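[1] mind folding the following:
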Amino acid sequence: MSELIIVGDRVLIRPDSGEQQTESGLVLPASVAERDRIGSGRIEQVGPGHLIPNPDYSDSEPWAEPKKIGRYLPLEANVGDLAFYQRKEAIEFTYKQTKFFIVPHHAILALVRPDHEDVISELLDSNRP
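    Numbers count the residues shown, from 1 in each chain. I've put the predicted structure just below:
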């Protein structure tokens with residue numbers, strides 16, 4: 001997926017499978033899960049971050065090595081994190097027969113790092129009706 005480039009303060013998320021199971025064993029179809037206000041999925045790519053002015057930039061010294069006018073403030077999200085995000089802010093699209101969401105960083109509510117898989121399991125189990 002290296003040919004797909006995420007720009008700015010956005011992240012590319014592969015959503016979790018849509019089916020959920022209730023405590024009694026009833027399987028809810030993906031269409032029911034999509035009505036939830038919060039979605040979850042794995043982060044596949046992260047944009048470069050928030051563009052901010054570069055304090056080192058100066059055009060008053062023409063002999064100095066040129067510096068870029070802006071630079072990027074990196075995002076908190078990392079590739080591989082489990083992200084909980086606001087569905088209404090997400091943009092759904094399909095790329096190479098796979099469904100993804102592009103989510104602005106401000107719409108991400110919580111992140112769980114891959115080295116905490118036990119926390120991920122507990123969170124996903126507690127979100128099931």
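[2] all strands for this structure, in order.
    All strands of the chain, identified by DSSP state E, fall at 10-15, 20-21, 27-28, 38-46, 50-53, 70-73, 82-86, 91-95, 98-104, 108-112.
[3] what strands flank the longest one, and is each parallel or antiparallel?
    Based on DSSP bridges, the pairing partners of strand 38-46 within the sheet are strand 10-15 (antiparallel), strand 82-86 (antiparallel).
[4] tell me the most buried of those strands?
    strand 10-15 (a mean of 22; mean count of other CB atoms under 10 Å). Backbone N, C-alpha and C define where each C-beta goes, glycine included.
[5] before we move on, the earlier item: out of the strands paired with strand 38-46, which gets nearest to Ile69?
    Of all the strands paired with strand 38-46, strand 10-15 sits nearest to Ile69, with 21.4 Å by CB to CB.
[6] that closest one - what's its average pLDDT?
    When pLDDT is averaged along strand 10-15, the result is 96.
[7] got the contact list for that strand?
    4, 6, 39-47, 75, 77, 83, 85, 90, 98-105, 108 (CB atoms under 8 Å, 6 or more residues apart in numbering).
[8] same thing with stretch 104-119?
    Stretch 104-119 is contacted from outside by 9-11, 38, 47, 50, 75-78, 80-86, 89-90, 120, 123, using CB under 8 Å, 6+ apart.
[9] quick one: end-to-end distance for stretch 69-82.
    Distance across stretch 69-82, first residue to last, is 34 Å (CA to CA, to the nearest Å).
[10] check which residues of it are buried.
    Arg71, Leu75, Ala77, Asp81, Leu82 (16 or more other CB atoms under 10 Å).
[11] dump the strands of the chain to a markdown table, plus distance to Glu61.
    Listed next are the strands of the chain as a markdown table, based on distance: least, CB to CB, whole Å:
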| stretch | distance to Glu61 |
| --- | --- |
| strand 10-15 | 35 |
| strand 20-21 | 60 |
| strand 27-28 | 63 |
| strand 38-46 | 34 |
| strand 50-53 | 17 |
| strand 70-73 | 18 |
| strand 82-86 | 43 |
| strand 91-95 | 42 |
| strand 98-104 | 37 |
| strand 108-112 | 40 |
